[in-house]
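>>> Sharing a model prediction with you, sequence too.
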Amino acid sequence: MKLKQLSIFLENQTGNLSGPCKILSQNNINILTLSVADTEQFGIMRLIVADCDKAKTALEQAGYVVNVAEVVAIEVGDQPGSLGEVLAIIEKHNFNVEYMYAFSGDLKEKAILVFRFEDTDKAIKVLCDDGVNVIKAVELYN
Amino acid sequence: MDNPGKICDFNPASATDYLPLDKLRQLQLFRLQNIVKRAYDNVEHFRNRLDERNITPDAIKSLEDIAKLPFTVKTDLRDTYPFGLFASPMQEIVRLHASSGTTGKPIVVAYTQEDMNVWTDAMVRTFACCGLHKGDVVQNAYGYGLFTGGLGAHYGAEKLGATVIPISGGNTERQIMVMKDFAVTAICATPSYFIHIIEKAEQMGIKMEQLPLRAGIFGAEPWTDGMRDYIEQAGKIKAYDIYGLSEITGPGVASVCQEQEGLHIFEDYFYPEIIDPESGQPLPDGQEGELVLTTLCKQAMPMIRYRTRDITTLMTEKCSCGRTIRRMKRIGRRSDDMFIIRGVNVFPSQIEEALLAVEGALPHYQIVLTRDSGLDNLEVQIEVTANVFSDKISTMEKLQRQIEKSIEHIINIRARVKLVAPNTIPRSQGKAKRLIDNRQL
């Protein structure tokens, strides 16, 4: 299933990461996972939260530029080789991964891989056909 | 002096804009001869300048003879601070305004009651050009106070018969609340402040297309056609460009009409010339140069050949709106806004043009010049907007490169583009500061 991911534009400056976190905390929004990509000048903070719309509104009201993108979450066993297996399938189909990150949350012995593909729908179809466990948003938030 | 006010009794708004050209030129010559005489008789500074050149007011036999007269420049107003250029005794002066004095003393301008009538009439004609009429609700977000914008627009809109909301600048959330609750149909503001209003409205969840606002009367800072298109599209209004300056009267010197092809100069009051800014020589209509204005009716403080530093072109073709008064092209730049980097002359408006050429128009920018071991660097800081923001670094870097290319294409200089967070570039409620020169020259 597709998952909504929030991205926030940040200037590459000391203390800039805490701003959005403060806003989310004030609005009682929990961050499931995040990753930060940075260049010399700016960074992009990518977040997965349970209530994406509420988070977006709160951040925009605080003056942040926010983008919502669809990513794919895949559940794998938390053991050596799991990521490799998924990547092999992706490569077999010649999909380009824009970026990815992983987290384990409170799932026992499982890890979640988050992928950003150019064509999300096509990627999901192919991965499901190949037996990869693409998980639904509800499973992730429960 | 015999009542010089008489010559400037103002005609109904419609009539003067449509005068046959021979009548208009006759009127201008008559008024020019009178105003030169008035300045010579009453302003010592001006009289000395003519005496030095062995010229008397009788030298003005035709409109072309205006070129015999010396220019007035901003420093003349500073040097004679506060009242040195007044041609009326203080008891005749009913209003004083002053400019923001960014360097030292401000400049002071004065109006007699007759001058107030002329100014108001010029603003009525401005609003008429912008399609406003009795029944319009006008939110006047120009600053009230010493700045001429607020009160100038106020008197004109009121005289026009519109409902005026004298909200002045600032407190953007209240501006939006008033705009919505009072069913405002037209707003007067600087273009950069109106963009700020649009953004704020968006944040407040108010859709511009749901407001009855249909016209924006924008002036007081240079802007481009691209910026106008952006405002019209994002603000769901028609954006009208008006022009004026305190030294001449304030707003009301010129305005676009419904055709939006250049600004009609109310030249029965404000006589325009275009000169070469380097040599000071007059240029024929149709050639680009610096706008020089002479107030043909100003009693309290006549301005003879005032150098505006604004760069434009006079258009002589008759406008399809039917007005006979000449038009000038939108003021995109000022001769003193220009900066020189690595030997190349650059105007901030060229940078704006380059930004607007890139998809997803980014309206807030600032140019920062620095000097590093003898080499000048041009950095353009641009605020990221939701339209262009992507979660992919590659997309954002591509945008940066596109803008850099677009700038280089226009000015032939490589600029470093820096994407910055929203609301980090300072916006004044009045004029946008586009250029920061940190070079120690």
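All right, it came through fine.
>>> What strand or helix carries the residue in chain B that chain A sits nearest to?
At 3.6 Å from chain A, residue B:391 is the closest residue in chain B, using CB to the nearest CB. Yep, even glycine has a C-beta here, placed from its N, CA and C like the rest. For residue B:391, there is no enclosing helix or strand under DSSP states H and E.
>>> Where is the longest strand in chain A?
Ranked by residue count under DSSP state E, the longest strand found in chain A is strand A:66-77.
>>> The residue of chain B closest to chain A and residue A:70 touch, don't they?
No: distance between residue B:391 and residue A:70: 9.9 Å, which falls outside the contact criterion (CB atoms under 8 Å).
>>> Those two: who's more crowded?
With neighbours defined as other CB atoms under 10 Å in any protein chain shown, residue B:391 and residue A:70 compare such that residue B:391 has more, 24 against 15.
>>> Show me chain A divided up by domain.
Following the assignment in automatic domain parsing, chain A carries domains at A:2-69, A:70-141.
>>> Can you say which of those domains is nearest to residue B:54?
Taking CB to CB, domain A:2-69 is the member of these nearest to residue B:54, at 62.2 Å.
>>> Pull the distance from the closest one to the chain's centre.
If you compare the mean C-alpha spot of domain A:2-69 with that of the full chain, they lie 11 Å apart, counting by CA atoms, centre = their mean, to the nearest Å.
>>> still on that earlier bit, chain center to the longest strand of chain A: distance?
How far strand A:66-77 lies from its chain's middle: 4 Å, per CA atoms, centre = their mean.
>>> Identify the residues contacting the helix or strand following it?
The C-terminal neighbour of strand A:66-77 among helices and strands, as given by DSSP H and E, is helix A:82-92. For helix A:82-92, contacts defined as CB atoms under 8 Å, 6 or more residues apart in numbering or on different chains pick out A:74, A:76, A:97, A:102, A:111, A:113, A:115, A:123, A:126-127, A:130, A:132.
>>> Apply 6 Å and report the result again.
Outside of helix A:82-92, the residues within contact range by CB atoms under 6 Å, 6 or more residues apart in numbering or on different chains are A:74, A:76, A:130.
>>> Could you do stretch A:102-109 as well?
With CB under 6 Å, 6+ apart as the test, stretch A:102-109 has contacts from A:33, A:78, A:111-113.
>>> next one: stretch A:129-142
Residues outside stretch A:129-142 that contact it (CB under 6 Å, 6+ apart): A:1, A:3, A:50, A:73-75, A:89, A:124, A:127-128.
>>> now for those, which pair is the farthest apart?
Based on CB to CB, the longest span within the contacts of stretch A:129-142 runs between A:50 and A:89 and measures 28.4 Å.
>>> and residue B:245, what does it touch?
Taking CB under 6 Å, 6+ apart as the contact definition, residue B:245 lies against nothing.
>>> so the one helix or strand residue A:46 maps to versus strand A:66-77, what angle?
Here residue A:46 sits within strand A:42-49, counting by DSSP H and E. Here strand A:42-49 runs at an angle of 60 degrees relative to strand A:66-77 (axes from the mean of the first three to the mean of the last three CA atoms, to 10 degrees).
>>> For strand A:42-49, list the C-alpha coordinates in PDB.
As requested, C-alpha coordinates have been extracted for strand A:42-49 and formatted as PDB (Å, rounded to 0.1, in the frame of the first residue of the first chain):
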ATOM      1  CA  PHE A  42      19.500  23.000   2.500                       C
ATOM      2  CA  GLY A  43      18.000  19.900   3.900                       C
ATOM      3  CA  ILE A  44      14.800  17.900   3.400                       C
ATOM      4  CA  MET A  45      13.300  16.300   6.500                       C
ATOM      5  CA  ARG A  46      11.100  13.400   5.600                       C
ATOM      6  CA  LEU A  47       8.600  12.100   8.200                       C
ATOM      7  CA  ILE A  48       6.000   9.400   8.600                       C
ATOM      8  CA  VAL A  49       3.300  10.300  11.100                       C
END
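>>> near chain B at all, it?
Yes: contact check for strand A:42-49 against chain B, using CB under 6 Å from any CB of the partner chain: residues in range are A:42, A:46.
>>> At the contact with chain B, which residues of chain A appear?
Counting by CB under 6 Å from any CB, chain A sits next to chain B at A:7, A:9, A:11, A:37, A:41-42, A:46, A:63, A:65, A:67, A:69, A:98.
>>> what about 7 Å?
Taking CB under 7 Å from any CB of the partner chain as the test, the list of chain A residues beside chain B reads A:5, A:7, A:9-11, A:37, A:39, A:41-42, A:44, A:46, A:60-61, A:63, A:65, A:67, A:69, A:98, A:116.
>>> Out of these, which end up buried?
For the residues of chain A next to chain B, a neighbour count by 16 or more other CB atoms under 10 Å in any protein chain shown gives the buried set as A:5, A:7, A:9-10, A:37, A:41-42, A:44, A:46, A:60, A:65, A:67, A:69, A:98, A:116.
>>> between the residues you listed, which is closest to chain B?
residue A:7 (3.6 Å).
>>> so is that closest one in a helix, a strand, or just coil?
Remark: residue A:7 carries the secondary structure label strand [criterion: DSSP: H, G, I helix; E, B strand; the rest coil].
>>> Give the buried residues for stretch A:79-99.
Applying a neighbour-count criterion of 16+ other CB under 10 Å, the buried positions in stretch A:79-99 are A:82, A:86, A:89-90, A:95, A:98-99.
>>> of the residues you listed, closest to residue B:252?
Distance to residue B:252 across the buried residues of stretch A:79-99 (CB to CB) is lowest for residue A:98, with 54.8 Å.
>>> pretty sure that closest one is in a helix, no?
No: when classified by three-state DSSP, residue A:98 is found to be strand rather than part of a helix.
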